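[1] coords please:
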Amino acid sequence: MDRADADSRAKPLLVDDRALVESCLGGEPDAWEALILRYQRLIYSIPIRSGFSPVDAADIFQSVCLKLFQKLTTLRKQEKISSWLMTTTTRECWRVVEKRRREAQPSIYDDDYERDIVNRLASAEPLADQRRIALERHESHSRIGGRRRVRKGEHKRNRH
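    Below you'll find the model as predicted:
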């Protein structure tokens with residue numbers, strides 16, 4: 001791959017989520033790949049951190065990508081796609097655990113292992129991508145004129 005190819009592939013990653021989703025909906029050839037590249041670590045890390053095997057995590061990843069493709073036209077807040085992906089991936093993990101439980105087939109994992117996965121999902125610490133998003137939001141709020149929101153019960157004249 002020459003440098004021009006590398007530069008053209010990197011550009012969609014610099015676009016905000018709303019523009020990237022609009023590019024996908026507009027049929028731009030590299031937009032879907034750029035969207036998946038942007039969020040592949042986030043999607044894959046949730047089942048891995050929850051204790052799923054790499055094979056199960058890959059299956060969950062595929063399911064979430066398919067759901068994203070199917071729902072892309074109906075996403076209400078395209079700029080919050082990362083939140084949608086985190087929620088959808090977590091729910092897909094729960095669905096996999098429940099499906100295994102319902103099928104009552106002998107699992108390669110014992111009940112304690114599956115219970116541990118569910119507990120990890122429920123109490124998972126924020127992922128690096130989640131922390132990055134929260135930090136970016138905090139920074140953008142602090143850049144907006146240096147204003148601070150007035151909290152409930154706090155008077156404007158009492159804040160410093």
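[2] C-alpha from now on. contacts and neighbour counts both.
    Fine.
[3] Could you look up the SS state of Y39?
    helix (DSSP: H, G, I helix; E, B strand; the rest coil).
[4] same deal with P29?
    coil.
[5] which residues touch it?
    Shown in contact with P29 (C-alpha atoms under 8 Å, 6 or more residues apart in numbering): no residues.
[6] 10 Å - rerun?
    Taking C-alpha atoms under 10 Å, 6 or more residues apart in numbering, we find P29 in contact with S23.
[7] Kindly list the main-chain dihedrals of it?
    Torsion angles at P29 (phi, psi; degrees, to the nearest 10) stand at phi -60, psi -40.
[8] Need the pLDDT of it.
    Note on P29: pLDDT of 79.
[9] Repeat that for H141.
    So, for H141, pLDDT stands at 65.
[10] ok, how many other residues are close to I117?
    Residues near I117, counting by other C-alpha atoms under 10 Å, number 20.
[11] any idea how far it is from E103?
    Taking C-alpha to C-alpha, to the nearest Å as the criterion, I117 is separated from E103 by 17 Å.
[12] Over to P54?
    21 Å.
[13] Looking at those two now, which is surrounded by more residues?
    P54 (13 against 9).
[14] Surely that one and Y44 touch.
    Yes. Look at P54 against Y44 with C-alpha atoms under 10 Å: they come within range, at 8.8 Å.
[15] any residues in contact with both of those two?
    By C-alpha under 10 Å, 6+ apart, the residues touching both P54 and Y44 are I60.
[16] so who does F69 touch?
    Applying C-alpha under 10 Å, 6+ apart, the residues contacting F69 are 24-25, 32, 63.
[17] what's around L35, how many residues?
    With other C-alpha under 10 Å as criterion, L35 counts 19.
[18] how near is it to L72?
    Distance from L35 to L72, by C-alpha to C-alpha: 11 Å.
[19] Spit out the residues that contact these two alike.
    Common neighbours of L35 and L72 (C-alpha under 10 Å, 6+ apart) are 21, 24, 81.
[20] which stretch of helix or strand covers the first one?
    In this structure, V21 sits in helix 17-25 according to DSSP states H and E.
[21] For that helix, list every residue counted as buried.
    Buried residues in helix 17-25, counted by 16 or more other C-alpha atoms under 10 Å: 17, 20-21, 23-24.
[22] what does stretch 70-77 give?
    Quick answer for stretch 70-77 (16+ other C-alpha under 10 Å): L72.
[23] Any stretches of this protein with poor pLDDT?
    Applying pLDDT under 70 to the chain flags residues 1-14, 78-79, 104-111, 122-131, 138, 140-160.
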